[in-house]
Structures are given as structure tokens and as C-alpha cells.
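Trainee: Kindly generate the corresponding structure for this input.
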Amino acid sequence: MFTRVALKVPRVALLVSRRNMSVATLAVGSALRTSVLRPTRSLHVAAACLSKHEFKAETRQLLDIVASSLYSDKEVFIRELISNASDALEKLKYMQTSGEAINDSDQELAIRITVDPAASQFIIEDTGIGMSKEDLVDNLGTIARSGSKAFLNKLKTVSGEGVAGAKDSIIGQFGVGFYAGFMVGKRITVTSQAHTPDARPHVWASEGMGEFDVTETDSKKRGTKIVIDLKEDASTFADVQTVKGIIKKYSNFVGFPIYVNGEQANTVKALWTVPPGEATPEEHEQFYRLISNAFDKPQYTLQYRTDSPIDIRALLYIPTFQLEKTGMGRMEPGVSLYCRKVLIKAKQENLLPEWMRFLRGVIDSEDVPLNISREFLKDSTIVTKIRKVVTGRVLRFLADEAKARPEQYAKFYADYDRLLKEGIVTDPDNKDEILKLLLFDSSTMTDSKQTSIQDYITRAADRPEIYYLCAPTRQLAEQSPYLEAVKESGAEVLFMYDQLDDMVMGRFTEFAGKKFVCLNTGTATAKSAAGESRIGKLCLEDEVTLTYWLKDTLGADRVSSVKGSTRLTSSPVIVSSAVSPAMQRYMKYNNKEFSALPVDLEINSGHPVVKQLFEARTASPEQAKLVAEQLFDNALIAAGILDEPLSMLPRLTKLLELALAAPAPAPTPSSAPSSPSSPSSAGTPAGSTGAKPKVSPAGIILP
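Mentor: Next comes the predicted model:
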């Protein structure tokens, strides 16, 4: 019996065009999952004098899209055919559990691939459910028709043992993947026998040019076998090592053994399909090293499954070593996307936010179509949903670990802190949750302990502000003049040493109803009792006079305002600005011509240096100017915004000369008076009275 049938194409599919491949992907679907075969002798289909049915122009175009454009790489045809074979085997397993009579029930459920370089053939065979003549015509004769989809629809109407497992394991949903074989094959021959005892085997054959032949054969083996006669430019797929490499890349975790020329090619368990808690730490360590090409152990393992709002099985690892911190360069994304244990895209770029590039592992979703292209992945709503769900789950996992095992989390944070901070800057949707994961030194805690923002808020429940101070080190933070006011009040201050911290905190104005206050900037309103008191200070009129003089002396290009301080207790001056020091350094880094912004200068008119400066401005104006400029530069150093420290050297040298010109300390009562012949008088130059200039307690020479 011999039949020649024209390939049928659904009418809606004819509307697909080359120019809209994303529509093609959605309309045509993912992959035919009903056929896959095993190597036996070559089959020769008898010729028949039949009229040929040519494809219409639209139909030929569609087949060309499927075979040439729908997939990014030709090698994926192997993935598609293996997925078809896996589905056929899963269907047979379900039939066995349902009690149906099975032909050749003792056969191993396996996939066998044979490559023949001499004949330039690729042959794949399974021992699955097989197909009848009608199945061959319906499933292979119509593009975008899938036997797997029909099988799942049938399962919806029944229940019982094995149904859930069958639904979970069927990969195919649409019916395009089989035709990927025409990317590499000039002719495809399919031999298949259904699983029922009375089934007859048939052969389907086509060159993909618009028609196919179906004829009965005498083969007596259950399952499906596909023989692809490779094109000249596809001969590499007749190489054993090439095929094994492709299997390890895409299909290493398929749940049935895959043999290539008699040797099993897939030997690794798909660990993410094992229920959480059943896999041993040793298995996780081995699997982590396999998928990440790493030598360390994972310090965290996160495995979970969800089916709402999208089906996801995820197995994620956080490495012990953070490679970027060791100078190894920027890490590439390390999480691969799978569909039912079949690789869709290794190390998918936008599967997770960029700052999560430290994660290694697998995300498997049955909602992702197998034939999804790289271009489609970039804008896929499915991938967007996966990213949202998995990102939220990772953040909750880290938050739970921080509470349950704070010491281990502190070790993780020491290595990954900058990536978390990068997430706050680049991932606005999750910045609040990431902020909860950050740890900081505190003015009220030892330098060996750190605190989170949430713990700070708990301790400072009666305060409306969250104070923080940016400084290079803890020692400099504790000595900072900006800390004086809040230190007196006993308020807790978070210390931030990383240059990224200022940029991170710039993304927030408040958190949990409390306002963030940076003590380095002019927005800080903290006051001290000593700072507000007038006791021991210049009178208000003299303080105002000094502020005007300082503004004129330093210039409007450097100082925008000068005022008396209400927060300083022991330091003479500080500067502040609405633009933080770290941001000013960032602006200068990106623009070499950036000029320092004018700052606000605050003076402590109770400090001895400031008091003496008030007197010296009229008594020794040149020396007073030197002191004023040095005080200003000292304040810029404390703020971390002095551009050219070397500019201070000539001034410092002059101030040292003036300090050394001050009179020697008065002798103590026990000291003998100097005689005229003593060395001290002998060294007096001729004509000199030996008189020394008057110097203030601050070292300023007075007339």
C-alpha cells in the first residue's frame, strides 16, 4: 500500500511573513514532539507514478521559515528530535501505568542515535509510543500540528496514577521542531510502528519540497526511527564527537538514556527535578561544579518550584568566591534557561537582573517554547515573568538567611556587598528589598559587628531620622567633625566607607517612615548643646564680623556662605554642600574640567584658633589670611573634597616659619637664669636686642 499526500498547512500559518519572526514563533509554535527513531538498515520506499502536489507560494515560504529562520542554530535540530523521542517514551510510560496492552513491552525505554560519516546520515530512534499511518499523516503532514498537544488535551479528561507525571514530562506543545531536520537534511525518512499489538509499521518520506509519501513496510519494532540524509554543508552532524557535544549542551538532563553509536552520552541527573532535600550536599557540589565550571563549593543553595503565575523549577547556587572581587574581571551571567530538562539558552543574559550575575544554576519552565529565538528572548513576556518571580524569591531567601544565620550571611556580604549595591542603583523595582540586605558599621557598635537598616530603625524607634556618615575608614569617621553634634546627643550613626554608598543612599529620601540624613552635607540639621550655647564664644556681633571677613578673604568662587555653627564642639570649622563629597568626586572623574563647587563654611567661634583669628585679621592681616586659608583647606580635607593637596605646602612652610619664630617657653622656677656667657646669649646676633615677636596662643604673630 503506497500513498502520496500533500503537506497540509493551517490557514492562519500562511499569514506568517519573514519580516515578523516573533509572530512566526508564536503562531507556528515550538516543536513537534511525536516522532523519533532508532538506527536500523536503510529503508527504500518504492517509487510510484503519482502526480506531485506542489506547495503554494505561501506554503513554501512558511516551510522555509520553519526550516531556515525559526531557529538560531542548525545544531538545535538534534535537541528537537531528542525532545520528540523523550515525549514518545513518556507517553508509553503513561500507557504502561494505565494498563493498556503494549507491543514489545520488554524493550528498554531509550533513545539511540547512530551517525554514519560514509553515508552522511544522522539516524535517531526511540522505543516510545510510535505512530500509526493516520498519526504520520496528521502529525507529520501538517505543519504546526502536534501529537503531544493532543495527548495532553486527552489527559485533561482522565485521572489516575501516572497522569500527573505524564503531564509534567511531555515537552512538545506545538508541532514545528520535527521540520528543523530540513535545516540539515535533503531528505527525511520516518519509520514508525504504534504501541498497540495489532499495529502495522509505515514509512513517511519527504524532501521538504511540498509533498510526502507514506507506505506500509515489514518492520516489526515498536517506536519511531528517523533517517536524515545530510546536506553537504551539514556533514559535521555525522561526527560522533560533535553529536555528543551537542547532546551534553542541550539534552544532558533528559530523563531517558541517550546512546550515540552504542555509548551513553547523558549521564548527569537533572538535580532540579529532584524534590528539595532529597539531593545530598555532595550531589549539589558535583552538579554546581559541572554547570559553572568552578572548583569551589556553593555557599548557598536555593531550590524551589512554583506554578503561579508561571511554572518554574529553579536550582540556584551562590559561589563561595566572588570572582570580580579577586580581580578576575566582570562575570558573565551564570543561569541557563531550560524547558522540561532541554536547554533553551545557556547563560541567558536577561533572565535575571544584571546585578545577579553572580548566581549559577538552572531555571526550567514548561511555559517557554523550545523554538524561541535569541531575539524573542530579549523581549519575551514569559522571560520577564520569570525574572520577576525568581528575583523576588532570591531576595526573600537572602533576607531569611540574614536573620537565621547572621554569621554566615556576614561572610557572604563581605564578598557580594558591591553587587547588592549595584542592584539598588540599577534595579529600581527591587531597591527597597535590596536595601534591607545591606550591612553597615555603627557608631554604637564595635568594629567587628555590623547592622542592617531595619535593626537600626528598631533601636532608634523614637527618632525620626536615620543618620549616616561617609568616610574612608572607621577611624576617620569617629574623628570626623561632622560626628560631633550627634555624638553628644547619643544618636546612632551608620558609617559608610564605600564610594558607592553615597550613590546608593542618593536613591532614597526615607525608609520605613524615617528620613535619611547625611551628616556630610548641608542638609544635616543636628545640633549640639555646646554648639548652641554662647558661653565662651565671640559675641554675636564679632562672630558676624568674622564671617563677612572670611567670605571676602576666601572668595565667592570657593565659599557660598559663612555662618556660626550650632553643631561643632571641638573642631574650629567644617564645610558642607548640598552635593555630597562622593558625588563631587564622581562628577570630577567623569569630567576632568569639573571645578569644585562653592561650599558653606561653618565656624566654631568658641574655638581658640577662631578667636585669635578674629584679633589677627586687623593686627596681622597677611598672617590671618594664611591661617584662614589653611583652616578652609583643613575643612576640605575632612570633607574629602580637597582637589590639590600639594597647593598647601608653601603655605604650611610659611606657617611653620612663623611658629618657629615664636618666643621660647618661659623657664621653670627650678631653672637657673642664663649668664651673659651662656650659649643662649652667645648666639644673639650683633646689634640685636634679642627681643622676639609677640605670638598668640594660636601661633599667630602679633605686632
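Trainee: hmm, who's touching the strand or helix carrying Arg313?
Mentor: Using DSSP states H and E, Arg313 maps to strand 312-319. For strand 312-319, the surrounding residues in contact (Cβ atoms under 8 Å, 6 or more residues apart in numbering) are 271-273, 284, 287-288, 292, 294, 296, 298-306, 335, 358-365, 386, 389-390, 393-394, 412, 416. All C-beta spots, glycine's among them, are computed from the backbone N, C-alpha and C.
Trainee: From the residues you listed, list the buried ones, please.
Mentor: By neighbour count, with 16 or more other Cβ atoms under 10 Å, these hold 271-273, 284, 287-288, 292, 294, 298-304, 335, 358-365, 386, 389-390, 393-394, 412, 416 as buried.
Trainee: ok so, going back, could you look up the next helix or strand downstream of the strand holding Arg313?
Mentor: Sequence-wise, the next helix or strand downstream of strand 312-319 (DSSP H and E) is strand 334-339.
Trainee: That next one pairs with which strands, parallel or anti?
Mentor: strand 342-345 (antiparallel), strand 360-364 (parallel) (DSSP bridges).
Trainee: Show me what the longest one is in contact with.
Mentor: Put plainly, it is strand 360-364. If you take Cβ under 8 Å, 6+ apart as the criterion, strand 360-364 is touched by 272-273, 288, 291-292, 294, 298, 302, 312-319, 334-341, 351, 386, 390.
Trainee: Run the chain-centre distance for stretch 352-364.
Mentor: Put simply, stretch 352-364 sits 6 Å off its chain's centre (Cα atoms, centre = their mean, to the nearest Å).
Trainee: same deal with stretch 644-655?
Mentor: Centroid separation between stretch 644-655 and its chain, computed with Cα atoms, centre = their mean, is 47 Å.
Trainee: gap between the two ends of it?
Mentor: Stretch 644-655 has an end-to-end distance of 18 Å (Cα to Cα, to the nearest Å).
Trainee: what about that stretch, average pLDDT?
Mentor: The average pLDDT for stretch 644-655 rounds to 89.
Trainee: what's in contact with it?
Mentor: Here stretch 644-655 makes contact (Cβ under 8 Å, 6+ apart) with Leu626, Val627, Glu629, Gln630, Asp633, Ile637, Gly699.
Trainee: Low-confidence stretches in the stretch 1-150 of the chain?
Mentor: Within the stretch 1-150 of the chain, the segments meeting pLDDT under 70 span 1-72, 141-150.
Trainee: right, I mislabeled it, should have said the chain
Mentor: Low-confidence segments of the chain (pLDDT under 70): 1-72, 141-176, 370-379, 522-532, 662, 664-703.
Trainee: for stretch 339-347, which positions count as buried?
Mentor: So for stretch 339-347, counting by 16+ other Cβ under 10 Å, buried means Cys339, Arg340, Lys341, Val342, Leu343, Ile344, Lys345.
Trainee: same question, stretch 631-638
Mentor: Those would be Leu631, Phe632, Asp633, Asn634, Ala635, Leu636, Ala638, for stretch 631-638 by 16+ other Cβ under 10 Å.
Trainee: Stretch 604-613 too?
Mentor: Within stretch 604-613, the residues that count as buried by 16+ other Cβ under 10 Å are Asn604, Ser605, Gly606, His607, Val609, Val610, Lys611, Gln612, Leu613.
Trainee: Does the last one touch Val627 like I think?
Mentor: Yep, that's Leu613 we're talking about. Yes. With contact defined as Cβ atoms under 8 Å, Leu613 reaches Val627; the gap is 5.7 Å.
Trainee: Show me how far the one helix or strand Leu649 maps to is from its chain's centre.
Mentor: Counting by DSSP H and E, the element that carries Leu649 is helix 649-660. Per Cα atoms, centre = their mean, the displacement of helix 649-660 from the mean C-alpha position of its chain is 53 Å.
Trainee: do the same with stretch 425-435
Mentor: On the basis of Cα atoms, centre = their mean, stretch 425-435 sits 12 Å off its chain's mean C-alpha point.
Trainee: Give me the contact list for it.
Mentor: Contacts for stretch 425-435 (Cβ under 8 Å, 6+ apart): 353-355, 391-392, 395, 399, 420, 423-424, 453, 500, 503-504, 507-508, 511.
Trainee: run the last query once more with 10 Å
Mentor: By Cβ atoms under 10 Å, 6 or more residues apart in numbering, the residues outside stretch 425-435 that reach it are 353-356, 388, 391-392, 394-396, 398-399, 419-424, 452-454, 500, 503-508, 511-512.
Trainee: pull the CA atoms of it into PDB?
Mentor: Taking Å, rounded to 0.1, in the frame of the first residue of the first chain, the C-alpha atoms of stretch 425-435 are listed here in PDB:
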ATOM      1  CA  VAL A 425      21.400  51.700  41.600                       C
ATOM      2  CA  THR A 426      20.300  49.700  38.500                       C
ATOM      3  CA  ASP A 427      17.200  47.800  39.700                       C
ATOM      4  CA  PRO A 428      14.700  50.400  41.000                       C
ATOM      5  CA  ASP A 429      11.900  47.900  41.200                       C
ATOM      6  CA  ASN A 430      13.700  46.000  43.900                       C
ATOM      7  CA  LYS A 431      15.800  48.700  45.600                       C
ATOM      8  CA  ASP A 432      13.800  48.700  48.800                       C
ATOM      9  CA  GLU A 433      14.200  44.900  49.300                       C
ATOM     10  CA  ILE A 434      17.900  45.100  48.400                       C
ATOM     11  CA  LEU A 435      18.500  47.900  50.900                       C
END
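Trainee: Could you find the closest non-adjacent residue to Gly128?
Mentor: Ala88 (2.7 Å; Cβ to Cβ, 6 or more residues apart in numbering).
Trainee: Which secondary structure state does Thr547 sit in?
Mentor: Classification of Thr547 by DSSP: H, G, I helix; E, B strand; the rest coil places it in helix.
Trainee: typo on my end, Met209
Mentor: Per three-state DSSP, Met209 ends up coil.
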